[in-house]
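J.: Predicted model, plus sequence, below.
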Amino acid sequence: MNRLILGTAFLALTAGAALAQDTVRLGTEGAYPPYNFLNDDGEVAGFERELGDELCTRAELTCEWVTNDWDSIIPNLQSGNYDAIIAGMSITEARREVVDFSENYTPPLPSAYAALSEDVDVEGGVVAAQTGTIQADHVTSTGATLLEFPNPEDTVAAVRNGEADAVMADKDFLTSYVENNDDLVFVGEDVALGEGIGMAFRQSDAELRETFTAAIQSMKEDGSLNELIAKWLPDTPEF
């Protein structure tokens, strides 16, 4: 109980001082279900939409959503097109060199391979992955031939059309493709990569980062973050 009270008090103190502007702009991809995607009305939806809205409510901030292609999502944060990234971005040492992260809002995620056959050689064949992801880095480290695409849907399409032997991505992303299509199957063992997912900020925005970290901590402490994880990311371990 004391931890929750202290976390709430810190959140209230930092929220008022975090911003000079009236609205915090949250950048996301809008193309990586179930984390983030565009619904039939063209609005951002998914796990991170619900999470981001709740974090903004707890921090007493007015927020708006901005979509951006994945391959330029960090450069456009740095150039000021939005104030934070909340887009399924795993925390890694390489990314820490250019952005600051909040506390993670998921534990380390299981990544997985999917293919048209279970006997595919994922370490010696051609494996598709989205550009700039921890999965792309992992594929390169295994000795497989990496085939990169800017959009996650294209990595799955590459397997179906024969360009790639397998695709590697977050298991939660691949699950809907495997469960809803007879042609794709999971291959091999899951692989834990990264330090979990966090929000990314410009290194000059320490107060804003601390404000959102306090909101994330408060959701961990009252169990509401685990509820969202169970709802949207059933293959992800809870806190």
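T.: It's in. Numbering: from 1, shown residues only.
J.: only C-alpha atoms for contact and neighbour calcs from this point on.
T.: Fine.
J.: Tally up the residues packed near the closest residue to residue 202 other than its chain neighbours, please.
T.: For residue 202, ignoring the flanking residues on the chain, the nearest one in space by Cα to Cα, 6 or more residues apart in numbering is residue 99 at 5.4 Å. Look at residue 99: counted by other Cα atoms under 10 Å, it has 21 neighbours.
J.: residue closest to the middle of this structure?
T.: residue 88 (0.7 Å; Cα atoms, centre = their mean).
J.: if we can go back for a sec, the residue nearest to residue 202 contacts residue 205, doesn't it?
T.: No: Residue 99 is beyond contact range of residue 205, at 9.8 Å (criterion: Cα atoms under 8 Å).
J.: for the protein, what spans make up the strands?
T.: Using DSSP state E, the strands of the chain run over 23-28, 31-32, 36-38, 44-45, 62-67, 84-85, 100-101, 109-115, 126-130, 145-149, 166-170, 185-193, 200-201.
J.: Mean pLDDT, distance to residue 155 and mean neighbour count added to the ones you listed, as CSV?
T.: Formatted as CSV, these follow (pLDDT from 0 to 100; distance: least, Cα to Cα, whole Å; neighbours: other Cα atoms under 10 Å):
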stretch, mean pLDDT, distance to residue 155, mean neighbour count
strand 23-28, 98, 19, 21
strand 31-32, 94, 12, 20
strand 36-38, 98, 16, 20
strand 44-45, 98, 21, 20
strand 62-67, 98, 20, 17
strand 84-85, 98, 22, 28
strand 100-101, 98, 27, 22
strand 109-115, 93, 10, 23
strand 126-130, 98, 5, 27
strand 145-149, 97, 6, 20
strand 166-170, 97, 6, 28
strand 185-193, 93, 14, 16
strand 200-201, 98, 24, 26
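J.: out of those, nearest to residue 76?
T.: If you check each of these against residue 76 by Cα to Cα, strand 23-28 wins as the nearest, at 8.9 Å.
J.: coming back round to it: can you report phi and psi for the residue nearest to the centre of the chain?
T.: Backbone geometry at residue 88, expressed as degrees, to the nearest 10, gives phi 60, psi 30.
J.: Residue 35 is in contact with that one, correct?
T.: Yes: taking contacts as Cα under 8 Å, residue 88 lies within contact range of residue 35: 6.2 Å.
J.: could you measure the nearest residue to residue 189 once chain neighbours are set aside against residue 133, distance?
T.: Residue nearest to residue 189 in three dimensions, not counting chain neighbours: residue 112, with 7.1 Å by Cα to Cα, 6+ apart. Separation of residue 112 from residue 133 (Cα to Cα, to the nearest Å): 13 Å.
J.: do you know which of the strands of the chain lies nearest residue 158?
T.: That would be strand 126-130 among these, by Cα to Cα, at 6.9 Å.
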